[in-house]
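Participant: After the sequence you'll find the predicted model.
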Amino acid sequence: MKEGKKNGKLIRTLVFAAIAAGSFLIFKLAEAPLIIAMGVRAAGIISVIVPAAAGIGAAASAADLISTLSKERKKNLEARAHEEIEVAEDVTEEYAKDASNPEITRKRLEQIRATAPGTSRIMNRCLEQMDRMDELQRRQLELMDANSATYLKDTVTTLDQVERELCLNYRSVVNQCIIAGSDAGEDKLDMSKVENSLGRNDKLLSQSKELLTVSADWVDKYNEKNDADRSLLDNWIKVIQDTISKEDII
């Protein structure tokens, strides 16, 4: 709908409302002279009819305006839904090319949650895992920066690998949602496969949290003694990398 047409209807509604209110006010102010000039009965009839007519006009114009705005809102929602479908296709294509990309994976999971409400709980679990991973990475970087611990770069790299592995494990969950369809709920998913993928990620997240704890302990020892034993930290890096390797084989 053109803006000028919508504004015209709004103005017309306001004019009718103003006429109704003005007529009522004028008749109230001029009530005594009208009664003298036209008589009680005639003045009473006019004082009711004129504001009422203007009020009816205002109500009709308001109803027309509301109807027009409702139709416009419906068109906007339809246009937005069409845009979301186009965005979904783009995200799907990007995800197919790089399922290990955290940003693309997050968008894909959010898209599935939006288009298949029955999978919301599962999608929320996936996104919550990604949030936990983001927080662990943030803390690891903060620990390294706060201590100028450039010697912790390999732990940061390891957590980046974990993040990409989490994303790859979501492929099975995404595939289950595709098979089930947009109107399906969890009852249509193979929950054993879903839980298997999410369980792998929980294991990696638990190991990553332990790596953060061990990193902090070793930094404290290193700050006291530069040649502090780093074997426990290296062992945890290896544990995580071994877990990733086994996941890849599976």
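Facilitator: Perfect, I can see it now. Numbers count the residues shown, from 1 in each chain.
Participant: Any regions of the chain where pLDDT drops low?
Facilitator: Along the chain, segments meeting pLDDT under 70 span 1-65, 67-71, 73-89, 247-250.
Participant: residues touching residue 204, list them.
Facilitator: Counting by C-beta atoms under 8 Å, 6 or more residues apart in numbering, residue 204 touches 162, 165-166, 240, 243-244, 247. C-betas here are computed from N, CA, C, even on glycine.
Participant: quick one: which of the residues you listed is most hemmed in?
Facilitator: Of all the contacts of residue 204, the most densely surrounded is residue 166 (26 neighbours; neighbours counted as other C-beta atoms under 10 Å).
Participant: just checking, that residue touches residue 132?
Facilitator: No. At 9.4 Å, residue 166 and residue 132 do not qualify as touching, with contact defined as C-beta atoms under 8 Å.
Participant: Quickly list what's touching both of these two.
Facilitator: residue 205.
Participant: Dump the contacts of residue 204 to TSV, plus distance to residue 211.
Facilitator: As requested, the contacts of residue 204 are exported to TSV (distance: C-beta to C-beta, whole Å):
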residue	distance to residue 211
162	9
165	14
166	14
240	6
243	11
244	13
247	16
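Participant: want to try CSV for those residues, with distance to residue 200 and secondary structure as columns?
Facilitator: Formatted as CSV, these follow (distance: C-beta to C-beta, whole Å; DSSP: H, G, I helix; E, B strand; the rest coil):
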residue, distance to residue 200, secondary structure
162, 11, helix
165, 8, helix
166, 8, helix
240, 12, helix
243, 8, helix
244, 10, helix
247, 6, helix
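Participant: State the number of residues packed around the nearest residue to residue 209 once chain neighbours are set aside.
Facilitator: Once flanking residues are discounted, residue 209 sits nearest to residue 136: 6.2 Å by C-beta to C-beta, 6 or more residues apart in numbering. For residue 136, the neighbour count with other C-beta under 10 Å is 18.
Participant: same deal with the one 5 residues further on?
Facilitator: Around residue 141 sit 14 other residues, with neighbours defined as other C-beta under 10 Å.
Participant: ditto for the one 3 residues further on
Facilitator: Using other C-beta under 10 Å, the number of residues around residue 144 comes to 18.
Participant: surely it meets residue 159?
Facilitator: No. In this structure residue 144 lies outside contact range of residue 159 using C-beta under 8 Å: 10.9 Å.
Participant: what domains does the record give for the chain?
Facilitator: Taking automatic domain parsing as the reference, the chain has its domains at 3-82, 102-249.
Participant: For stretch 110-129, buried residues please.
Facilitator: 111-113, 116, 118-119, 122-123, 125-127, 129 (16 or more other C-beta atoms under 10 Å).
Participant: State the pair within these that is farthest apart.
Facilitator: Across those, the two members that end up farthest from each other (C-beta to C-beta) are 118 and 129, 19.7 Å apart.
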